[in-house]
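Chemist: structure here, sequence nowhere to be found:
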């Protein structure tokens, strides 16, 4: 398995060099930044990446056509050894766009097919999940892994890696017991993230811990307000998760607030959320569902830029898209809106962007919008707008 310790940013920046010369391999993994936290960690990784790319000398003209960026069979080339200096800021690079794949331990073949289909569609990123409690549980006063489950997730990461996909791994929720104190809960969470990183850290490019917990308690799911007290609890918990991850991985950490509707009020809620917990994460993660309105879609890149400027950190859009339900019009209009969303988001140079679903989770014709966000139906057949969406994915892949 290949390590992408520079978050996958290198793959896209190096791609900018391909136009003038053959493909340059990503640099080997580094632990130079592993002991840092917060903004110092972010600056260190940017600086390391920047120094490495500045040090790459363009080799002679290629004698054959370079393989597409992200090809699993591309031949690595050595990268010069360089020194690293930390500068106040190095601008983030455009990464790539992909989609969510819900891993299916009960049917590994479907997960393997999903990953192959995602690559075929033109994606460069996969957002995949480890569901709550699926990888192990707290027993005997410690979090302990389910070895069989972890073998499956390790295999899924290998499939994604072989397909040339960068991985955003979601651990959306964690075990809870009302008898645990917050400190006990954090200790168990740190053990969990440490173990997952020990198994998958070589492949993961972005860690996400918790999902949309700005309006519901991250332990109990009870409705809550983003008060300073609540946000401080969540910040400390994310710091504990990052402590576990850092023992085996230098990939960045993110978390996400709710993302609908996309308007100034939502943006203000994002700011309140990240003002409270931002020091505990390395990438600002958002969900953004702008539906079909061109005016609303145009807000998303604006908000991405504002968030990046406010926090000095990359911004990832980890959920967006539109479900195939009658209220959003015929399939052609839905596809047109999804293409417009991808185009708008990617013009703002996000860390990455991932459609909510590659493949529907529910049956064709379902009226539950949550189940039909995919560009593929549940049976892997292509929806009418698969072609235009795939073409847009490939347009950003090949830039």
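Modeler: Perfect, I can see it now. Remember, it's a predicted structure, so these values are computed and weren't measured experimentally.
Chemist: what's the neighbour count on residue 265?
Modeler: Using other C-beta atoms under 10 Å, residue 265 has 8 neighbouring residues. Every C-beta, even on glycine, is put in place using the N, C-alpha and C of the backbone.
Chemist: residue 182 too?
Modeler: 12.
Chemist: packing partners for the strand ranked longest in the chain?
Modeler: What stands out as the longest strand in the chain, according to DSSP state E, is strand 204-211. When contacts are defined as 3 or more C-beta pairs under 8 Å, 6 or more residues apart in numbering; DSSP states H and E, strand 204-211 sits against strand 166-171, helix 182-200, helix 228-246, strand 253-256.
Chemist: of all those, which one is nearest residue 379?
Modeler: Of all the helices and strands packed on strand 204-211, strand 166-171 sits nearest to residue 379, with 24.3 Å by C-beta to C-beta.
Chemist: which other residues reach that closest one?
Modeler: With C-beta atoms under 8 Å, 6 or more residues apart in numbering as the test, strand 166-171 has contacts from 4, 8, 11, 95-96, 98, 124-130, 157, 160-161, 192-193, 196, 200, 203-211, 241, 316, 318, 352, 354.
Chemist: tell me the pLDDT of the residue nearest the centre of the chain.
Modeler: Geometric centre of the chain, nearest residue: residue 168, 3.4 Å, by C-alpha atoms, centre = their mean. At residue 168, the predicted lDDT confidence score is 97.
Chemist: thinking again about what came up before, rounded mean pLDDT for the longest strand of the chain, please.
Modeler: Per-residue pLDDT over strand 204-211 has a mean of 97.
Chemist: next, the angle helix 182-200 makes with it.
Modeler: Interaxial angle, strand 204-211 versus helix 182-200 (axes from the mean of the first three to the mean of the last three C-alpha atoms, to 10 degrees): 150 degrees.
Chemist: and the contacts of strand 204-211?
Modeler: Strand 204-211 is contacted from outside by 4, 7-8, 125, 127, 157, 166-174, 189, 193, 197, 218, 234, 237-238, 241-242, 245, 249, 251-256, 283, 285, 316, 318, 351-352, using C-beta under 8 Å, 6+ apart.
Chemist: pull the contacting residues for residue 352.
Modeler: 8, 95-98, 125, 166, 168, 205-206, 316-318.
Chemist: among these, which one sits closest to residue 226?
Modeler: Nearest to residue 226 among the contacts of residue 352, with distances taken as C-beta to C-beta, is residue 318, at 18.7 Å.
Chemist: mind listing what that closest one touches?
Modeler: Residue 318 neighbours (C-beta under 8 Å, 6+ apart): 127, 168, 170, 208, 254, 256, 285, 286, 287, 352, 353, 354.
Chemist: and with 7 Å instead?
Modeler: Listed by C-beta atoms under 7 Å, 6 or more residues apart in numbering, the contact partners of residue 318 are 127, 168, 208, 256, 285, 287, 354.
Chemist: help me confirm that it is found in a strand?
Modeler: Yes - applying DSSP: H, G, I helix; E, B strand; the rest coil, one finds residue 318 inside a strand.
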